[in-house]
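Undergrad: can you look at this prediction? I've put the sequence above it.
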Amino acid sequence: MTRRIRGATLPAVACVMVCAACAPSRPRPAAPVVSQSEWTIARDRLGALRDTAPRRPYVERVELTIVEPRTGRQLTARGAVAVSPGVALRMVLLGPAGTTALDAWVTREQFRFLVPAIDLKARGGLGSEGAGGLPVGFFRWWFLDPLPGRVLLGRASARQSAWLLRDGDATVTVRTDAARLVAVRRAGVSVEAVEWVGAGLAPRRGAVARYTESRYGLRVDVVVEEVLTTEPEPDAFLDPDLEGTAL
């Protein structure tokens, strides 16, 4: 049974920033006053958080539930995801009968999704056009390069930290404490949010995540069941439509 994140609400600082961006005709709230000492603490904490992100390829065994936005139907499957940070991701999930439920390959420049049960095969490039509500943005953002960009604002207290980042044409708000990390990414009309409980940027057994996307109404729940100690083979990250590639 998939564990759910209860009480998953966006942090106040993220809500203020996202709502302000959604309604440009309204007066923007004044930027909060941040002391030099608070800015230094927030900046150092962000650096420490970024340092926890994996640098070497790794494999997780996961349970994934995708809520189909148009019908509300759920696809729940288990399998493995291999990640080469900053380079590529390959995920193969199996359904109850042991057949392939989802086969996803995502790089910075390309993606390819295969869902045999509905005879779906989607390929695309840099953007998410052609993905049809599939979680291309989630995989690119959170698995390949989760917190890039320039820091525009940082806040820090004894128990939590929050940042506003600028990554190209996207704005990302992040809040974290000892137990939970919430990030909201806005680029154009698209707003994506991800919440991790039990993990920061490093893969960890038992971590639970929920991803939501505003454009299609997509929702993805993730449970990390195991983090393997062995690295994946390099061939796992090649285009799966090429002969001789496998996870």
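TA: Noted; the coordinates are in hand.

Undergrad: what about the chain, any weak spots by pLDDT?
TA: Along the chain, the model assigns pLDDT under 70 to residues 1-31, 70, 127-133, 243-247.

Undergrad: that one: helices as residue ranges?
TA: In the chain, the segments counted as helices under DSSP state H are 12-22, 36-51, 136-138.

Undergrad: run the chain-centre distance for stretch 188-200.
TA: Between the centre of stretch 188-200 and the centre of its host chain there is 6 Å, according to Cα atoms, centre = their mean, to the nearest Å.

Undergrad: find the centremost residue of this structure, please.
TA: W142 (3.1 Å; Cα atoms, centre = their mean).

Undergrad: spit out the contact partners of it.
TA: Neighbouring residues of W142 by Cβ atoms under 8 Å, 6 or more residues apart in numbering: 183, 194, 209, 211. Every C-beta, even on glycine, is put in place using the N, C-alpha and C of the backbone.

Undergrad: who is the last one paired with across the strands?
TA: Which is Y211. V194, V220 (DSSP bridges).

Undergrad: what's around it, how many residues?
TA: By other Cβ atoms under 10 Å, the residues close to Y211 number 22.

Undergrad: picking up where we left off before, how much space separates the residue nearest to the centre of the chain from A117?
TA: Counting by Cβ to Cβ, to the nearest Å, the gap from W142 to A117 is 25 Å.

Undergrad: with A162 instead?
TA: Relative to A117, and taking Cβ to Cβ, A162 is found at 41 Å.

Undergrad: of the two, who's got more company?
TA: Counted by other Cβ under 10 Å, A162 and A117 do not tie: A162 has more neighbours, with 24 against 12.

Undergrad: bridging residues for the more buried one?
TA: R155, R175.

Undergrad: quick thing: my sequence starts at 691, can you match it?
TA: In the new count, where the first residue is 691, that last one comes out as A852.

Undergrad: if we can go back for a sec, which of the contacts of W832 tops the neighbour count?
TA: A873 (24 neighbours).

Undergrad: show me what contacts the closest residue to that one other than its chain neighbours?
TA: Leaving aside its chain neighbours, A873 sits nearest to V864 (4.7 Å; criterion: Cβ to Cβ, 6 or more residues apart in numbering). Going by Cβ under 8 Å, 6+ apart, V864 touches 704, 837, 852-853, 855, 871-874.

Undergrad: can you put these in JSON lines and add distance to A846?
TA: Compiled in JSON lines, these are given as follows (distance: Cβ to Cβ, whole Å):
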{"residue": "A704", "distance to A846": "16"}
{"residue": "L837", "distance to A846": "16"}
{"residue": "A852", "distance to A846": "8"}
{"residue": "W853", "distance to A846": "9"}
{"residue": "L855", "distance to A846": "15"}
{"residue": "L871", "distance to A846": "15"}
{"residue": "V872", "distance to A846": "16"}
{"residue": "A873", "distance to A846": "17"}
{"residue": "V874", "distance to A846": "19"}
